[in-house]
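Participant: Next comes the sequence, and after it the predicted model I'd like to discuss.
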Amino acid sequence: MSSAARLADLIVHARRAVIFTGAGISTESGIPDFRSPGGVWSRMRPIQFAEFVASEEWRREAWRRAFSNSSGWVGAKPNAGHFAIARLVDAGKVAAVITQNVDNLHIESGVPAERVVELHGNASYATCLECGLRHELETLRQSFLGRDEIPSCQECGGLVKTATISFGQPMPVEAMRRAEEETLAADLFIVLGSSLVVFPAAGFPRMAKENGAGLVIVNREPTPLDAIADLVLHAEIGPVLAAAVPA
């Protein structure tokens, strides 16, 4: 039996599968990852959350990066892997998609927003750090590029930041709670495109395995959890899922 066929068989027999995605699924949409050689952080150092809050200069730099698309996700489209996941959610086989990615591609592929748990936030909009009000990027873009105004909250005047989790920023409490709940309810946990070295997010696959779930890892490079997984595929995600989850 081929690896894709084994994955398909595990999915068919799963009662409640959960999918966990990292940067590897989005590199197939042309989005560079952050940590590998040539990735985003090799070209520019990340802005710490404390720097953003304390320094107008760093806030200006953060917004310059956001509107210059230096991270490379603006205009990217979902790929075959994203659409295969959406089909599994629609078929009732996958209860939740837990993602480390901030590119919004799972939702764009058709996964209902309430089924997506975004551990590191979402780069497609911004929020006020004080009151939590959502701000659309296009409106902020016009004021930043047109009038050189660093975004502030239209409601309370607080600092506004893209809705992503920066280094040093607390993890989102509700997203972490939901991720743990879905992980512990799963009988099959499928990791797609994550190196499983970034914590606390990378703790969920081990949690699932220790709770009795089957563990599948699809990633081009080896991960620290390969040894305990039930199935490991060092391969491209799109082709594997396209074979395992027919349209």
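Facilitator: Thanks, I have it. Residues are numbered from 1 along each chain as shown.
Participant: for residue 133, what are its contacts?
Facilitator: Counting by C-beta atoms under 8 Å, 6 or more residues apart in numbering, residue 133 touches 127, 153, 154, 155, 156. For every residue, glycine as well, the C-beta is placed using N, CA and C.
Participant: pretty sure the third one belongs to a helix, no?
Facilitator: Read that as residue 154. No - counting by DSSP: H, G, I helix; E, B strand; the rest coil, residue 154 is not found in a helix; it is coil.
Participant: show me what contacts it?
Facilitator: Per C-beta under 8 Å, 6+ apart, neighbours of residue 154: 133, 135.
Participant: The last one now?
Facilitator: With contacts taken as C-beta under 8 Å, 6+ apart, residue 156 has the following neighbours: 128, 130, 131, 133.
Participant: Is it correct that residue 190 is in contact with residue 19?
Facilitator: Yes - counting by C-beta atoms under 8 Å, residue 190 touches residue 19, with 4.9 Å between them.
Participant: quick check: mean pLDDT across the strand or helix carrying residue 12?
Facilitator: Using DSSP states H and E, residue 12 maps to helix 3-13. Regarding helix 3-13, the rounded mean pLDDT is 92.
Participant: From the chain's centroid, how far away is it?
Facilitator: 24 Å (C-alpha atoms, centre = their mean, to the nearest Å).
Participant: For whichever helix or strand comes after it, give me every contacting residue.
Facilitator: Next helix or strand after helix 3-13 toward the C-terminus (DSSP H and E): strand 17-21. Contacts with strand 17-21, where a contact means C-beta under 8 Å, 6+ apart, come from 11, 85, 88, 93-101, 106, 182-183, 185-194, 204-205, 208, 213.
Participant: Just to be sure, which of those are found in helices?
Facilitator: 11, 85, 88, 106, 182, 183, 185, 204, 205, 208 (DSSP state H).
Participant: quick revisit: return the members of the contacts of strand 17-21 classed as buried.
Facilitator: Among the contacts of strand 17-21, those classed as buried by 16 or more other C-beta atoms under 10 Å are 11, 85, 88, 93-101, 106, 182-183, 186-194, 204-205, 208, 213.
Participant: So what would you say the end-to-end distance of stretch 16-32 is?
Facilitator: By C-alpha to C-alpha, to the nearest Å, the extent of stretch 16-32 from end to end equals 31 Å.
Participant: Could you pull out the buried residues of that stretch?
Facilitator: Here stretch 16-32 shows 17-29, 31-32 as buried, counting by 16+ other C-beta under 10 Å.
Participant: need the contact list for the residue positioned nearest the centre of the chain.
Facilitator: Centroid-nearest residue in the chain, with C-alpha atoms, centre = their mean: residue 101, separated by 1.8 Å. If a contact means C-beta under 8 Å, 6+ apart, then residue 101 has 21, 22, 23, 25, 26, 118, 120 as its contacts.
Participant: what about stretch 115-134, how long is it end to end?
Facilitator: Between the start and the finish of stretch 115-134 there is a gap of 20 Å, counting by C-alpha to C-alpha.
Participant: what's the answer for stretch 84-100, then?
Facilitator: Termini of stretch 84-100 sit 18 Å apart (C-alpha to C-alpha).
Participant: Count the residues that sit near the residue nearest to residue 218 when sequence neighbours are not counted.
Facilitator: Using C-beta to C-beta, 6 or more residues apart in numbering and skipping the chain neighbours, the partner closest in space to residue 218 is residue 233 (4.6 Å). If you count neighbours by other C-beta atoms under 10 Å, residue 233 ends up with 20.
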